[in-house]
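Participant: Dropping the sequence and predicted coords here.
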Amino acid sequence: MIDHSLLAPTMTSADFEAGIRLALEYDVASVCLVPAYLQQCVDALAGSDVKASTTIGFPHGGQATAAKVAEAKIALQHGAAELDMVINLHHTLSGDWAYVRTEIAAVLAETHGHGQKLKVIFENCYLSDAHKIRLCEICGELGVDWVKTSTGFGTSGATLEDLRLMRAHSPEKVQLKASGGVRELSFVLAAREIGVTRCGSSRTREILDACRLRTS
């Protein structure tokens, strides 16, 4: 269930390398890291079951649609198996749903055209429940692979309340990812009960060590 997050702006090459080694050691679902280090990550993960993933339009989603599509194209060429794209918050808060839908569809077409998967990040801390519900509906209609709560760079992160809302308003085929402030095994287990299939976290070691202790 874990996407090991390596997105802090102060990370060095040594930090990325250590994070990738940790992801391999714990056999997580994916490593999600900045696009500039993606190629090295893909090379380091070769031959393992751990996927390489990266961010699009990160962290605030204000890039032009064409820029997000270009980012996606480059990431896919570099070997990304999954992309985590931030919606355009400005157009969402303005109620310009045609823009929001067209942008998600454009990045999704690029991603699925390469046979890979897309997670769409809402950044729930800035949104009303009505915004979240409409985004779930749009993502469901388009057939994205995951809807995701947060970037981890907003004013707050994933909450169980938001996860329940998103699960209730997303079709079964759309998976759910919790991200932002995911630090403890108890939260991951509670999220799984709701139907979450992925959690983004930089606290992978702590969470999975606690899991091992619980099951030993």
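Facilitator: Looks like it arrived, so ask away.

Participant: Could you find the residue nearest the spatial middle of the protein?
Facilitator: For the chain, the residue lying nearest the average C-alpha position, counting by C-alpha atoms, centre = their mean, turns out to be Asp84 (4.2 Å).

Participant: Mind listing the residues bridging to that residue?
Facilitator: Thr55, Lys119 (DSSP bridges).

Participant: Contact partners for it?
Facilitator: Counting by C-beta atoms under 8 Å, 6 or more residues apart in numbering, Asp84 touches 32, 53-56, 58, 119, 121, 148, 200. Every C-beta, even on glycine, is put in place using the N, C-alpha and C of the backbone.

Participant: neighbour-wise, which of these leads?
Facilitator: Cys32 (33 neighbours; other C-beta atoms under 10 Å).

Participant: buried set for the helix or strand of the chain with the lowest mean pLDDT?
Facilitator: Within the chain, no helix or strand scores below helix 204-215, which has a mean of 93 by mean pLDDT, DSSP states H and E. For helix 204-215, a neighbour-count test (16 or more other C-beta atoms under 10 Å) marks 204, 207-208, 210-211 as buried.

Participant: all helices of the protein, in order?
Facilitator: Taking DSSP state H as the criterion, the chain contains helices spanning 13-26, 38-45, 65-77, 89-93, 97-113, 129-142, 160-168, 185-194, 204-215.

Participant: List the buried residues of stretch 18-30.
Facilitator: Along stretch 18-30, these residues count as buried under the neighbour rule (16+ other C-beta under 10 Å): 19-20, 22-24, 26, 28-30.

Participant: looking at it, Glu71 is touching Ile56, isn't it?
Facilitator: Yes: counting by C-beta atoms under 8 Å, Glu71 touches Ile56, with 4.8 Å between them.

Participant: what's the neighbour count on Asp49?
Facilitator: Count around Asp49 with other C-beta under 10 Å applied: 10.

Participant: Adding distance to Leu108 and pLDDT, write the buried residues of stretch 18-30 out as a markdown table.
Facilitator: Shown next, in a markdown table, are the buried residues of stretch 18-30 (distance: C-beta to C-beta, whole Å; pLDDT from 0 to 100):
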| residue | distance to Leu108 | pLDDT |
| --- | --- | --- |
| Gly19 | 28 | 98 |
| Ile20 | 27 | 98 |
| Leu22 | 30 | 98 |
| Ala23 | 26 | 98 |
| Leu24 | 29 | 98 |
| Tyr26 | 30 | 97 |
| Val28 | 24 | 98 |
| Ala29 | 20 | 98 |
| Ser30 | 18 | 98 |
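
Participant: That's all I had, so thanks and see you.
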